[in-house]
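*Asks:* Below are the sequence and a predicted model; questions follow.
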Number of protein chains: 2
Amino acid sequence: MSIPLKRQDPRTPSSYHLAVTVTALDLDSSAASLADKAYLAIRDQLIMLDIRPGDPIDDDERAKALGVGRTPVREALKRLEGDRLVVSYPRRGTFATGMDISDLAHISEIRVQLEPLAARRAAERAVRAAQVELEELAARIQEFDVSRLDRTELMRWDLAVHRAIYRAAGNPHLEDVLIRYDNLATRIFCLFLDRLPTVDEHVGEHVELLRAIAAGDADRADDLAREHVLGFDRAIRAVI
Amino acid sequence: MSIPLKRQDPRTPSSYHLAVTVTALDLDSSAASLADKAYLAIRDQLIMLDIRPGDPIDDDERAKALGVGRTPVREALKRLEGDRLVVSYPRRGTFATGMDISDLAHISEIRVQLEPLAARRAAERAVRAAQVELEELAARIQEFDVSRLDRTELMRWDLAVHRAIYRAAGNPHLEDVLIRYDNLATRIFCLFLDRLPTVDEHVGEHVELLRAIAAGDADRADDLAREHVLGFDRAIRAVI
DNA sequence: GGTACACAGCTGGTATATCAGAACTAGGAT
DNA sequence: ATCCTAGTTCTGATATACCAGCTGTGTACC
């Protein structure tokens, strides 16, 4: 066996983790591979309910719509299957996963453990640069007129807030799993968005949470994050 | 757009989730696709350190070794990348991920939250059939002479125990994430296995934990699971 | 009206061509 | 003589085309 290259060369990291981690805000990041782009595009369509639960996903059609071949689309769908955003029935097709009340319970059960942990760690470990970033985010969100934003824009900001916190927690594995379930939770959020009366309240919680983290108040960040998850769960449950 | 098939037909589930969930014990499950088989085979080689951290993984060579084409191997590697078991540097190759002390800390931080939760839920929710299954598992393990088993066999049983608990918890998402980090933790375990003095103690904890769950003692299961994770973390740290 | 057979669509797998980046080598300049 | 730079070559990644097997559906015949 010949080893053609030096063993571990940490120069250029894979774009994969970048693509998973990257916030939904920058779909136009041109550095990504076609598979990454397809993944992000379809993932967003899934989360924002451009593709609704149960909808069939035709890879050929998606490929044409995105202007790429079937391979990157297939790869994207495989990854989305790992994210539990699509389900594929062999020789039948792949479909956007269905959603039911038990899914919300299962996801909340995980998030209620890990979101407070991330918030706590972010408050403890966040360095100066991250603190000002979180502060700025809080300031921008506070200025929003929630009623004027469309649902997609609102969701993107929601996602961005959570991503920033996960990142600041300094645990890449924790970041992974939280992103995964935040996507699923956001999808449920979108499902019930028009029936939810208290969206602005949800956004207000973000501001408090971000401020607590930036201030380094770990206990308060922990509490707020837990309440944020539980409040989300209750809010959805109330309108079912 | 024509929809050729009925929308949601829950008859035949994808083999994907099966393959992820399936215990490492049955590699010979013939129902799986080539990609699933490649995934399980390579994953096991990664966990059991047949492929050591930092080793390059040549997809062509793996394909030949497994007697399949490159596509299923590439798909398997993509999935393993999602599991953080391999890292791919674009245009350079893919490698088994490196391991360092901070990884252990990060993984333990997650597991210490979720393993007790799973144990608790398993104790609360486990139905009759699952209870006897867990009891049987406990009985079989108790009979083992740890010193006589080789490392691979031991690890497979370790994995089997945890999988059984995760399954019994009745939360598929929780099962997902715990399997993922149990794999990573087991890989670390294997790395230090020959330096660890207290392997039999670790196995003994399994018996207690399984019995507590089967008995429906949620509080005790919670405690034992937490101690199990923390004990693991301490044991590794002691021999670094 | 029911059953069986044939056809079509889709997934999964493979092979192949193209593209891009990295390393190695050679040549020139200092 | 040594170092830097440019070009060539090699390898891995990506995309597309092709093939095979299976499933579901529709139609035709009994």
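*Replies:* Cool, the structure landed.
*Asks:* Going along the chain, name the strands of chain A.
*Replies:* Counting by DSSP state E, the segments of chain A that form strands are A:56-57, A:86-89, A:93-96.
*Asks:* Any part of the second one near DNA strand D?
*Replies:* No. Figure legend: strand A:86-89 not in contact with DNA strand D (C-beta under 7 Å from any atom of the strand); closest approach 7.9 Å. No exception for glycine: its C-beta is placed from N, CA and C like everyone else's.
*Asks:* Which secondary structure elements does that strand sit against?
*Replies:* With contacts defined as 3 or more C-beta pairs under 8 Å, 6 or more residues apart in numbering or on different chains; DSSP states H and E, strand A:86-89 has these neighbours: helix A:70-82, strand A:93-96.
*Asks:* what does the first one give?
*Replies:* For strand A:56-57, the elements it packs on are strand A:93-96, judged by 3+ C-beta pairs under 8 Å, 6+ apart.
*Asks:* Let me see the mean pLDDT of the strand it packs on.
*Replies:* Strand A:93-96 shows a mean pLDDT of 89.
*Asks:* In chain A, what residue comes closest to DNA strand D?
*Replies:* Closest contact between chain A and DNA strand D, by C-beta to the nearest atom of the strand, is at residue A:69 (1.2 Å).
*Asks:* domains for chain A, by residue range?
*Replies:* A:15-96, A:101-239 (automatic domain parsing).
*Asks:* give me the low-pLDDT residue ranges for chain A?
*Replies:* Flagging of chain A using pLDDT under 70 yields the residue ranges A:1-31, A:145-147.
*Asks:* tell me the contacts of the residue nearest in space to the middle of chain A?
*Replies:* Taking C-alpha atoms, centre = their mean, the centroid of chain A lies closest to residue A:183, which sits 3.8 Å from it. Shown in contact with residue A:183 (C-beta atoms under 8 Å, 6 or more residues apart in numbering or on different chains): A:43, A:47, A:83, A:85, A:159.
*Asks:* sorry, back to before: so which of the domains of chain A gets nearest DNA strand C?
*Replies:* Among these, domain A:15-96 sits nearest to DNA strand C (C-beta to the nearest atom of the strand), with 3.9 Å.
*Asks:* does any bit of the closest one sit next to DNA strand C?
*Replies:* Yes. For a cut-off given as C-beta under 7 Å from any atom of the strand, domain A:15-96 has contacts with DNA strand C, namely A:58, A:59, A:60, A:71, A:88, A:90, A:91, A:92, A:93, A:94.
*Asks:* hmm, which of those residues are the buried ones?
*Replies:* A:58, A:59, A:88, A:93, A:94 (16 or more other C-beta atoms under 10 Å in any protein chain shown).
*Asks:* Now the two most distant members of these.
*Replies:* A:58 and A:88 (12.1 Å; C-beta to C-beta).
*Asks:* Residue A:202 contacts residue A:232, correct?
*Replies:* Yes. The pair residue A:202 / residue A:232 is scored as a contact, 7.0 Å apart, by C-beta atoms under 8 Å.
*Asks:* So for those two, which sits in the more crowded spot?
*Replies:* residue A:232 (23 against 17; other C-beta atoms under 10 Å in any protein chain shown).
*Asks:* how about the more buried one, what does it touch?
*Replies:* A:108, A:185, A:189, A:202 are the contacts of residue A:232 under C-beta under 8 Å, 6+ apart.
*Asks:* sorry, back to before: what's the distance between the residue of chain A closest to DNA strand D and residue A:60?
*Replies:* 10 Å (C-beta to C-beta, to the nearest Å).
*Asks:* how about the longest helix along chain A, does it reach chain B?
*Replies:* Counting residues, the longest helix found in chain A (DSSP state H) is helix A:101-125. Yes. For helix A:101-125, a contact with chain B is found by C-beta under 8 Å from any C-beta of the partner chain, at A:103, A:106, A:107, A:109, A:110, A:113, A:114, A:117, A:121.
*Asks:* Just the buried residues of these.
*Replies:* For the residues of helix A:101-125 next to chain B, a burial check counting by 16+ other C-beta under 10 Å picks out A:103, A:106, A:107, A:109, A:110, A:113, A:114, A:117, A:121.
*Asks:* pretty sure the fifth one is touching residue B:177, no?
*Replies:* If I follow you right, that is residue A:110. Yes. Using C-beta under 8 Å, residue A:110 is in contact with residue B:177, at 6.7 Å.
*Asks:* Between the two, which contacts overlap?
*Replies:* In contact with both residue A:110 and residue B:177: A:177, B:114, using C-beta under 8 Å, 6+ apart.
*Asks:* Show me the helices in chain A, by range?
*Replies:* A:15-21, A:34-47, A:59-66, A:70-82, A:101-125, A:128-142, A:151-168, A:172-192, A:199-214, A:218-239.
*Asks:* and residue B:76, which of those is closest to it?
*Replies:* helix A:70-82 (10.3 Å).
*Asks:* What parts of chain A come near DNA strand D?
*Replies:* So chain A meets DNA strand D at A:4, A:15, A:33-35, A:63, A:68-72, A:91-92 (C-beta under 7 Å from any atom of the strand).
*Asks:* Mind checking which of those are buried?
*Replies:* A:15, A:33, A:34, A:35, A:63, A:68, A:72.
*Asks:* So stretch A:167-178, near chain B or not?
*Replies:* Yes. Counting by C-beta under 8 Å from any C-beta, contacts between stretch A:167-178 and chain B involve A:171, A:172, A:173, A:174, A:176, A:177.
*Asks:* gap between the two ends of that stretch?
*Replies:* Start-to-end span of stretch A:167-178 (C-alpha to C-alpha, to the nearest Å) is 10 Å.
*Asks:* buried residues in it?
*Replies:* Buried residues in stretch A:167-178 (16+ other C-beta under 10 Å): A:167, A:168, A:169, A:170, A:171, A:173, A:174, A:175, A:176, A:177, A:178.
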